[in-house]
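Trainee: here is my input; please provide its structure:
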Amino acid sequence: MPEPKKYSVFLSAAEPSADAYCAGLINAMKTNADNINFVGVGGPKMAQAGCDLLEITTGKAAMIYKAFAHVARFYGLIRRLQRYLNTNRVDLVIVCDSPAFNFHLAKAAKKAGIKTLFYVAPQLWAWAPWRLGKLRRRCDKLCCILPFEQQWFVARGIDTTFVGHPMLDALPSDLGRCEKQYADFDPKHAHFALMPGSRAAEINSLWPPMQQIALRLKNKYPQAAFAAVAVDDEKRRMLESAQLPDFQCEYTVDDVTGAAARADFAIVASGSATLQVASVGCPMLVIYQSSRILWHLVGRWLIRTEHLALVNILAGKRLVPEFMPCFSSVEPIVKTIEQLIEDKTRLTELSAELVQLTATLKTPSASENVARTARQMLASQEAAVGTSLNNGLLESLQQ
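Mentor: Predicted structure coming up:
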């Protein structure tokens, strides 16, 4: 009996969340097959899952204007990866999130004649819809993690499937048990979770104001407790080294869901972490910082959505307060938090709404859904090669 065909899959992740998504995908693809070799660029979770990393990229991720500082490094990396794709056998390229980097890698893959799967849709519905042409040319299959995205991209000519959100794979099927009850809650003893993001740029811009917010809350609620979440030990050390003298805080690593489950309220950097917080029914306030000049010159004209926080976009309304960007005093943020935590009825309602919202994103296994699509792409590619060979043999016999 012949051995199964060996495949080589190249994966690309440029930030910690994508590293986790790709690690889950690798594990799912390995469940029913041991004939796939994984190689690519990413982070420690991908390496642990069995991916041969050509370069660690997750520690260098940046957002919007801050990414320009890494242009030279990224273009140098793209050239090296292009040479790799041209000189090594790769059957499928999977790029995860980070379109600023992965659009270039997908272009290199197409030039090398390699099928490309986009895992996590670029948010062209929110800004930069003019990049749809690039996506069509460079994407053979798109796996989106937000339910409304499938219809949006399909209507624009891109083969798209909603696979669910991978961050929710580990959650219990009965999310209703996660709803918080605030009948006996006393804001004087509130437990706050602080989540300043996974990127160094986010931490540098958000951690100082988060601490200022916490100190003002502590002045009013002296028994309040605070816990900060870091994506890894390196980021935990960043948070600790930048801690203000009068601020006291507990630190946890890679525990967004756990910290939110233990907290009464969370202050969260905008991004996918907001969904993890929502999944355990933790009321939150979402913040983000950016360059004031670039926001007014460019950002405010590019953004096409009424809301910026992901949970608000999904809800279609301002479900949780968002301050994005937050340039000035933290006082309006503090007042908003105080009003919320002193309204036990609203906190209970908000917790239930967040859990219900999250339930619409949960599938049996987002990672397995993407793995199934990737296996189908590999199988169809092999079938196409077999058909081509058979046709060529038939033509030679006819001659």
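Trainee: can you list the domain ranges for the protein.
Mentor: If you go by automatic domain parsing, the domain ranges for the chain are 7-170+363-398, 175-359.
Trainee: using TSV, please lay out the ones you listed together with mean neighbour count.
Mentor: (C-beta placed from N, C-alpha, C; glycine too.) Converted to TSV, the domains of the chain look like this (neighbours: other C-beta atoms under 10 Å):
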stretch	mean neighbour count
domain 7-170+363-398	19
domain 175-359	18
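Trainee: let me have these in a markdown table, extended by mean pLDDT.
Mentor: Below are those laid out as a markdown table (pLDDT from 0 to 100):
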| stretch | mean pLDDT |
| --- | --- |
| domain 7-170+363-398 | 85 |
| domain 175-359 | 87 |
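Trainee: what are the ranges of the strands in the protein?
Mentor: Assigned strands in the chain, in chain order: 7-13, 36-42, 52-56, 92-96, 116-119, 141-144, 160-162, 191-195, 225-230, 250-253, 265-269, 284-287, 322-323 (criterion: DSSP state E).
Trainee: pairing partners for the second one, with directions?
Mentor: Which is strand 36-42. strand 7-13 (parallel), strand 52-56 (parallel) (DSSP bridges).
Trainee: out of those strands, nearest to Q181?
Mentor: When these are compared by C-beta to C-beta, strand 7-13 sits nearest Q181, at 38.0 Å.
Trainee: how far out from the middle of the chain is the closest one?
Mentor: 18 Å (C-alpha atoms, centre = their mean, to the nearest Å).
Trainee: what's next to that strand, contact-wise?
Mentor: Contacting residues not belonging to strand 7-13 are listed as 19, 21-22, 25-26, 29, 35-43, 46, 51, 57-58, 81, 85, 88-98, 101-102, 105, 109, 114, 374, 378 [C-beta atoms under 8 Å, 6 or more residues apart in numbering].
Trainee: try 6 Å this time
Mentor: By C-beta atoms under 6 Å, 6 or more residues apart in numbering, the surrounding residues in contact with strand 7-13 are 19, 22, 36-42, 89-96, 102, 105, 378.
Trainee: got the angle for it vs strand 92-96?
Mentor: Between strand 7-13 and strand 92-96, the angle comes out at 20 degrees (axes from the mean of the first three to the mean of the last three C-alpha atoms, to 10 degrees).
Trainee: alpha carbons of strand 7-13, as CSV, please.
Mentor: What follows is strand 7-13, C-alpha atoms only, in CSV (Å, rounded to 0.1, in the frame of the first residue of the first chain):
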residue,chain,number,x,y,z
TYR,A,7,2.6,18.0,1.9
SER,A,8,4.4,21.2,2.9
VAL,A,9,2.3,24.1,4.3
PHE,A,10,3.7,27.5,4.9
LEU,A,11,2.1,29.7,7.6
SER,A,12,2.6,33.4,8.4
ALA,A,13,1.7,35.1,11.7
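Trainee: if I look at I287, how far off is P16?
Mentor: As defined by C-beta to C-beta, to the nearest Å, I287 lies at a distance of 19 Å from P16.
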